[in-house]
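> prediction below, plus the sequence it came from.
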Amino acid sequence: MRTKAKTANQTIISIVIGTISVIVSLILVIANLLSKSWSTMSMISVGGYVLLLLGLLFTYIVMFHRELIESKNKSLLFVTVYIIVLVLMVFMADSVPFYLIPIPIAGMLIAVLIDIKLGIIMNLVLSIIGCLIMTLNIEFALFYIISGSFSCLLITKAKQRQNMIYIALYLIGINVLTVLVYNLYYAKTLLYLDFLYAGISAVIAVIITIGSLPLWETIFDVVTPLKLLELSNSNQKLLKRLLLEAPGSYHHSQMVANLAETAAIDIGADALLTRTGALYHDIGKLRNPGYFVENQNGENPHDDIAPEASANIIINHVKDGVKIATEYRLPKSIINIIREHHGDALVQYFYYKAKQQSEGEVDEQDFRYAGPKPQSNEAAIVMLADCVEAYVRSLPEKDRTLDRIEQIVTEMIESRLDEGQLDECDLKIKELKGLKTSFIKVYKGLYHERIQYPGNTVDGDENDDH
Ligand SMILES: [Fe+2]
Ligand SMILES: [Fe+2]
């Protein structure tokens, strides 16, 4: 549904970035070989290998990670990591014990920031290029293929930054073992200094990777699962504030997060980003919590003000959300979800109230959210989960039957589609059907539990953003 022009531009930029990186790789490798006076034929041979390896990387990206080509930021991130580690490798290869070259950081960073399999392939390519530069040093290749691959696998399993110490210890073990088995193969005398270097290498790789993550996140505007997991923890300051100052909005956001996360998993969107975005989507309600129905206890301050003023307060929760999220340094991808979660929809309740009360014309534009419409599938999922949850919550409890919920889910999705709110994301009709099934599945689970435990009640606060 999105215009193709933007994607085409990004693709061209990515191809230019990719071509530059291939040229830089060849220059770096050939410069290293020239300094060691290699023969022309040998240099052509190594250059050919480098091209073949980069061809492998490129083919893999085209087949499985097109989003990398279609995103200027991601391709720039990928190439920057690759070039930095290649430069380090070329300059350190002949001057320090090779164990100390921090090759695994390339794979680890890519694994955390983009994708684990891509990280493993990046590590493989760099390890083989290093092996070629070092006169086919097979020990170099074995060490870095094994150590780097383990690093990629382990780093993505880190749920919190505190886990890093265990990952570093595990990697020290892997590196030391790799050196040991290689030395046994050649029945060499064990060089204890090699073990020390291999251990240090693991620690350096983990420290550099984790220490530099915030920098990569900021410069390239990407967010790591690690950061999202931290943000979705209910101990986060901002979520705690929401719980204390706007408890109704907090519970609503939790339910939206459950709906949106399940739907994102089912249709293959980024579930962690969707969940975290949903948890923070209404953070702007912290400014005027009492004006939102889910936080009201009988009294409704909207009764005393004009519908235009009411609509203004409601609409501003998006702007306030963006402001608060920026103050709390939330990642841009979360801020985008906050900004887009109502698109440019009409605040219908107050628009019709104003029309009823007014004798003159009522400008519809004054009752619309500022937009933009959801630009990503994750933002669109949060938008749909939000309106479904708000509607279901506004029903008297006796009316919250599965049949009625199914009807609401269908109506909400269709109305957002008809209004054009989903025009700028990439959700397809098939995925919208998947979303519907997922939302209903969550409610079925919820009601099933309620039947088993009759003491339970659905969170009592109504919520429809007014
Ligand atoms: Fe909202
Ligand atoms: Fe909401």
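It's in. Ligands and ions are numbered 1, 2, ... in the order given.

> got the residues of this protein near ligand 2?
For the chain, the contact set with ligand 2 under CB under 5 Å from the ion comprises 282, 386. In short, each C-beta sits where N, CA and C put it, glycine included.

> let me know the outermost residue of the chain.
Within the chain, the residue lying farthest from the chain centre (CA atoms, centre = their mean) is E359, at 49.0 Å.

> that's a helix at it, yeah?
No: using DSSP: H, G, I helix; E, B strand; the rest coil, the assignment for E359 is coil, not a helix.

> report how many residues lie close to I121.
Using other CB atoms under 10 Å, the number of residues around I121 comes to 22.

> residues contacting it?
For I121, the contact set (CB atoms under 8 Å, 6 or more residues apart in numbering) comprises 56-57, 60.

> ok, now how distant is it from I335?
Distance from I121 to I335, counting by CB to CB, to the nearest Å: 32 Å.

> do K188 as well
56 Å.

> between the two, which one's more packed in?
Relative neighbour count places I335 above the other of K188 and I335, with 21 against 10, counting by other CB under 10 Å.

> do I have it right that that one meets A325?
Yes: in terms of CB atoms under 8 Å, I335 counts as a neighbour of A325; the distance is 4.8 Å.

> output stretch 311-323 as PDB, nothing but the C-alphas.
Provided in PDB are the C-alpha atoms of stretch 311-323 (Å, rounded to 0.1, in the frame of the first residue of the first chain):
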ATOM      1  CA  ALA A 311     -11.100  17.100  21.700                       C
ATOM      2  CA  ASN A 312      -8.000  19.200  22.000                       C
ATOM      3  CA  ILE A 313      -7.000  17.500  25.300                       C
ATOM      4  CA  ILE A 314      -7.700  14.100  23.800                       C
ATOM      5  CA  ILE A 315      -5.700  14.900  20.600                       C
ATOM      6  CA  ASN A 316      -2.800  16.300  22.500                       C
ATOM      7  CA  HIS A 317      -2.100  13.000  24.300                       C
ATOM      8  CA  VAL A 318      -0.200  12.000  21.200                       C
ATOM      9  CA  LYS A 319       1.900  15.100  21.100                       C
ATOM     10  CA  ASP A 320       2.500  14.900  24.900                       C
ATOM     11  CA  GLY A 321       3.400  11.300  24.500                       C
ATOM     12  CA  VAL A 322       6.100  12.100  21.900                       C
ATOM     13  CA  LYS A 323       7.400  14.900  24.200                       C
END
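
> what about that stretch, distance to the chain center?
25 Å (CA atoms, centre = their mean, to the nearest Å).

> which strands and helices sit next to the top helix by length along the chain?
Longest helix in the chain, counting residues (DSSP state H): helix 4-35. Under the contact criterion of 3 or more CB pairs under 8 Å, 6 or more residues apart in numbering; DSSP states H and E, helix 4-35 touches helix 40-64, helix 66-69, helix 72-92, helix 116-133.

> could you check the angle helix 40-64 makes with that helix?
Counting by axes from the mean of the first three to the mean of the last three CA atoms, to 10 degrees, helix 4-35 lies at 160 degrees to helix 40-64.

> buried stuff in helix 4-35?
10-11, 13-14, 17-18, 21-22, 25-26, 28-30, 32-33 (16 or more other CB atoms under 10 Å).

> biggest separation within those residues, which pair?
Within these, two members stand farthest from each other by CB to CB: Q10 and L33, at 34.9 Å.

> L238: neighbour count?
17.

> also D221?
14.

> got a list of what it touches?
73, 332-333.

> pick out whichever of the buried residues of helix 4-35 sits closest to K398.
Q10 (51.2 Å).

> now the closest one: how far from ligand 2?
According to CB to the ion, to the nearest Å, Q10 stands 31 Å off from ligand 2.

> got a list of what that residue touches?
Contacts of Q10 by CB under 8 Å, 6+ apart are 69-72.

> same check, this time on Y250
Contacts of Y250 (CB under 8 Å, 6+ apart): 239, 242-243.

> please tell me which one of those residues counts the most neighbours.
Counting neighbours by other CB under 10 Å, L242 comes out on top of the contacts of Y250 with 27 neighbours.

> and that one, how far from L191?
Note on L242: its distance to L191, by CB to CB, is 57 Å.

> can you check L427 too?
Counting by CB to CB, the separation of L427 from L191 is 58 Å.

> these two - which one has more neighbours?
L427 (22 against 12).
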